[in-house]
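Student: Sequence and predicted structure are below.
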Amino acid sequence: MKFPVEITVNGVKRRSEVEPRLLLVHYLRDVLEITGTHVGCETGICGACTVHLDDEAVKSCMVLAVQADGCSVTTVEGLASDGTLDDVQQGFWEEHGLQCGYCTPGLLMSAHDLLRKSPNPSAEEIRRAINGNLCRCTGYQTIVHSIQNAAQKMRAKKPAAAKQVQPAKLRTSKRKREQRRPATV
Ligand code: FES
Ligand code: FES
């Protein structure tokens, strides 16, 4: 049995019929063919599949596509605009925050999530924020430098807009997804 879902992905409304067991990461990659989000462990450990769901970083192998019904999803493809890297991508580029790049889409999304909540994070805060994103080849030092570089760029552009996110907003977002959880899964 399939369920209809409507999910806004990178600003575009997408309608599909999906099985209730379909993971969000497979919906993105296999149904929509948006393949920038990677699959690593499928058990919520590696973070390669991290996307934003209603502006909150989630591991898309831990979310069913039907739970994202009515939500907005941003993937790594939604970061650059008109072929120009965004500040976090540029930070990774300048500080050599990647080698093979397999973990990079997830790290970029986690970094964005952190910088939205904490525009001037300490190195320790960055390490805590990315502890759910495993990288097997770059080493974390340059990844931390990349996120610090990105934070600097973002603060330079929007000093007045750098506000802490209210925790209440995040709780509301989580509650909304819980309410959408279908009874059959
Ligand atoms: S594939 Fe989702 S956390 Fe590893
Ligand atoms: S850049 Fe290769 S796994 Fe992180």
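Tutor: Nice, thanks for sending it over. These figures come from a predicted structure and were not determined experimentally. Ligands and ions are numbered 1, 2, ... in the order given.

Student: hey, let's count contacts and neighbours off CA atoms from now on
Tutor: Noted.

Student: host element of residue 40?
Tutor: Assigned by DSSP states H and E, residue 40 belongs to neither a helix nor a strand.

Student: actually residue 52, sorry about that
Tutor: Going by DSSP H and E, residue 52 is part of strand 50-53.

Student: Give me the average confidence score over that strand.
Tutor: Averaged across strand 50-53, pLDDT comes to 98.

Student: State the next helix or strand along the chain beyond that strand.
Tutor: Next element after strand 50-53 (DSSP H and E): strand 56-59.

Student: in its sheet, what does that next one sit against?
Tutor: strand 50-53 (antiparallel) (DSSP bridges).

Student: what comes into contact with the strand it pairs with?
Tutor: For strand 50-53, the surrounding residues in contact (Cα atoms under 8 Å, 6 or more residues apart in numbering) are 37, 57-60, 68, 71-76, 105-107, 109-110, 113.

Student: returning to what we had before: now the strand holding residue 52, how far from the centre of its chain.
Tutor: 3 Å (Cα atoms, centre = their mean, to the nearest Å).

Student: related to what we said a few turns ago, quick check: helices, which of the contacts of strand 50-53 are part of them?
Tutor: 105-107, 109-110, 113 (DSSP state H).

Student: and residue 128, that's in a helix?
Tutor: Yes. Counting by DSSP: H, G, I helix; E, B strand; the rest coil, residue 128 is part of a helix.

Student: Break this structure down into its domains, please.
Tutor: Split into domains by automatic domain parsing, the chain comes to 3-79+165-180, 87-157.

Student: Now render these as TSV, adding mean neighbour count.
Tutor: Formatted as TSV, these follow (neighbours: other Cα atoms under 10 Å):
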stretch	mean neighbour count
domain 3-79+165-180	18
domain 87-157	20
